[in-house]
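1. fold the following for me, if possible:
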Amino acid sequence: MKRFVRYVLLMTIIVVILPLIIVKGCSTVIEDIVPEEKEDLTLKVYIKDADEVQEMSLEEYLKGVVAAEMPADFELEALKAQAVAARTYVYGRMKKFYSPKEDTHKGADICTDPGHCQAWTKKGDAMAKWGNLRAFDNWSKIERAVRETEGVIILYDKKVVNPVFHANSGGMTENSEDVWEGVEVPYLKSVKSEGEDKSEGYKVSAVFKEEDITKKLKDQYPDMDLEPEDLVDEIEILERTKAGRVKEIKIEDVVIKGTELRSLLGLRSTNFNIEKGENGEVVITTIGYGHGVGMSQWGANNLAKNGGTYEEILKHYYTGIYLDTIENFEASSQ
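-> This next block holds a predicted model:
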């Protein structure tokens, strides 16, 4: 009996305890092998309001862009499309594929001025704007949109695209060359964009005084000999684009671009009509919001509501593109 007990103890030591001792002392067990972490890309951002340059990781920066550029209550797939477009936009500028003619960023890769680059907001400011009831859920949703598209960018013909976007196209996006003369881009073509009329700002009428518009026009175009009371009668829309936006307009004998008048008067879009009001004022009614080129954010949300994935949304608004990761793009470019 004693011999049997000794035998059992010996076998326990050999079969169970000894292997445990060996494994514990071994430095190559699975739990000791830590997978190599990817190094986050970092960029320099010129914070316009603070007039300072900050360095931050690309993916963290994108959360602030999505929070500032698109309503957080939009569909998740629309937010993902925005995250990919924003990542591609800034990556193209980090790598100097698309750079401003003048250094307006004080040496940074990008700025937070939405009129020049992309809008951006701090987490705290975004959450304060949303209020206590929605702040946590909204930020978590934005984090998910960025995380689930991590590293993904938009390519065309093996090149990083310049994925411009806007709020609302008014039902059809623009060809790039119709907005920026001479700049024809194969993936920035006019496409239908449905469901945008759900936006509160889809159709907006602005009222101007005749003398105010006349003064601005004369200051900008000194050759005009225009009286305020004759203003509306002297306006003729000469040409509209495929998307219905004003391409050229004649005021008296001066022909100007629709984009120029939009800029001069601060109009929401170049899809506008002009008429005289009952009390002599000028009423300009615009449809849509923004330049109309590339992805429409409200249109993207409509596609997402109807089951579209972020990839399908991006392929709808950017003709002929495909998606890949920054890692794969850089590896293939070496």
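
2. so how many other residues sit close to Y61?
-> Y61 has 25 neighbours, counted by other Cβ atoms under 10 Å. All C-beta spots, glycine's among them, are computed from the backbone N, C-alpha and C.

3. isn't it right next to L43, touching?
-> Yes: using Cβ atoms under 8 Å, Y61 is in contact with L43, at 6.3 Å.

4. now do the shared contacts for the two.
-> V90 (Cβ atoms under 8 Å, 6 or more residues apart in numbering).

5. show me what the helix or strand containing E330 is packed against.
-> Using DSSP states H and E, E330 sits in helix 326-333. When contacts are defined as 3 or more Cβ pairs under 8 Å, 6 or more residues apart in numbering; DSSP states H and E, helix 326-333 packs onto strand 152-156.

6. other SSEs contacting the strand it packs on?
-> With contacts defined as 3+ Cβ pairs under 8 Å, 6+ apart, the packing partners of strand 152-156 are helix 76-94, strand 322-325, helix 326-333.

7. quick one, the helix holding E330 and strand 152-156 angle?
-> Helix 326-333 runs at 40 degrees relative to strand 152-156, counting by axes from the mean of the first three to the mean of the last three Cα atoms, to 10 degrees.

8. roughly how far out does helix 326-333 sit from the chain middle?
-> For helix 326-333, the distance from its own C-alpha centre to the chain's C-alpha centre is 22 Å (Cα atoms, centre = their mean, to the nearest Å).

9. for that helix, buried residues please.
-> Buried residues in helix 326-333, defined by neighbour count with 16 or more other Cβ atoms under 10 Å: 326, 329.

10. could I get the average pLDDT for it?
-> On average, the pLDDT along helix 326-333 is 94.

11. give me the contact list for it.
-> Residues from elsewhere that reach helix 326-333, judged by Cβ under 8 Å, 6+ apart: 38, 41, 91, 151, 153, 155, 158, 160.

12. tell me the angle of it relative to helix 76-94?
-> With the same axes, to 10 degrees defining the directions, helix 326-333 sits at 40 degrees from helix 76-94.

13. before we move on, the earlier item: the helices and strands packed on strand 152-156 into TSV, with extra columns for distance to E312?
-> Putting the helices and strands packed on strand 152-156 into TSV (distance: least, Cβ to Cβ, whole Å) gives the following:
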stretch	distance to E312
helix 76-94	8
strand 322-325	11
helix 326-333	21
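
14. most packed of these?
-> Highest mean neighbour count of the helices and strands packed on strand 152-156: helix 76-94, a mean of 25 (counted as mean count of other Cβ atoms under 10 Å).

15. and it, what does it pack onto?
-> Contact partners of helix 76-94 among helices and strands, from 3+ Cβ pairs under 8 Å, 6+ apart: helix 58-69, strand 110-111, helix 132-147, strand 152-156, strand 159-160, strand 295-296, helix 297-305, helix 310-317.

16. which residues touch the longest one?
-> This points to helix 132-147. When contacts are defined by Cβ under 8 Å, 6+ apart, helix 132-147 is touched by residues 59, 62-63, 66-67, 72-73, 76, 79-80, 82-83, 123, 126-128, 130.

17. send me it as CSV with only the CA atoms.
-> Output in CSV follows, covering the C-alpha atoms of helix 132-147 (Å, rounded to 0.1, in the frame of the first residue of the first chain):
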residue,chain,number,x,y,z
ASN,A,132,-25.8,66.0,-19.9
LEU,A,133,-28.5,63.7,-21.2
ARG,A,134,-26.9,63.1,-24.6
ALA,A,135,-23.3,63.9,-24.1
PHE,A,136,-22.0,60.4,-23.1
ASP,A,137,-24.0,58.5,-25.8
ASN,A,138,-23.1,61.0,-28.5
TRP,A,139,-19.4,60.9,-27.8
SER,A,140,-19.4,57.1,-27.5
LYS,A,141,-21.1,56.9,-30.9
ILE,A,142,-18.5,59.1,-32.5
GLU,A,143,-15.7,57.1,-30.9
ARG,A,144,-17.3,53.9,-32.4
ALA,A,145,-17.5,55.5,-35.9
VAL,A,146,-13.8,56.4,-35.8
ARG,A,147,-12.7,53.1,-34.1
